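Colleague: missing the sequence, but the structure's below:
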């Protein structure tokens with residue numbers, strides 16, 4: 001499988017609602033993706049994975065898990081599966097997981113996926129005082 005690097009840039013939403021070009025983070029990074037929203041993160045993982053990086057991956061079923069078909073470096077992955085209960089996964093959506101575990105206001109969150117998920121997750125993170133970088137498709 002060939003993968004091209006993303007052409008866009010993540011934007012950072014400030015408290016005032018403005019945006020600016022992304023700068024290299026120094027905080028813990030939490031990546032939140034659903035479906036093919038994982039694509040822009042793969043380029044970052046290929047370049048650099050930090051020990052405290054987390055990928056929160058939203059799936060309808062475990063058969064939708066694209067990470068099992070990749071030969072690419074990945075950080076620690078937490079799979080949130082909404083339509084089936086399976087061992088070693090969180091049963092529910094990524095928003096359910098974030099509500100259950102809380103938002104780390106010191107972390108940088110990167111969110112990519114369906115527009116509704118991106119909006120819901122960004123609202124949760126902002127409400128908790130966290131920083132969120134978003135990209136929707």
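Modeller: On my side now, so go ahead. What you see is a predicted model; the values in this text were computed from it and never measured.
Colleague: starting at the chain centroid, how far to the helix or strand harbouring residue 135?
Modeller: For residue 135, the host element (DSSP states H and E) is strand 131-136. Centroid separation between strand 131-136 and its chain, computed with Cα atoms, centre = their mean, to the nearest Å, is 9 Å.
Colleague: what's the answer for stretch 78-90, then?
Modeller: With Cα atoms, centre = their mean as the basis, stretch 78-90 stands 16 Å off its chain's centre.
Colleague: So what's the model's average confidence on that stretch?
Modeller: Taken as a whole, stretch 78-90 has a mean pLDDT of 96.
Colleague: So which bits of it are buried?
Modeller: The neighbour-count check on stretch 78-90 (16 or more other Cβ atoms under 10 Å) flags 78-82, 89-90 as buried. Using the backbone N, CA and C atoms, a C-beta is placed for each residue, glycine as well.
Colleague: residue boundaries of the strands in the chain?
Modeller: With DSSP state E as the criterion, the chain has strands at 11-12, 29-34, 54-59, 76-81, 90-91, 108-113, 131-136.
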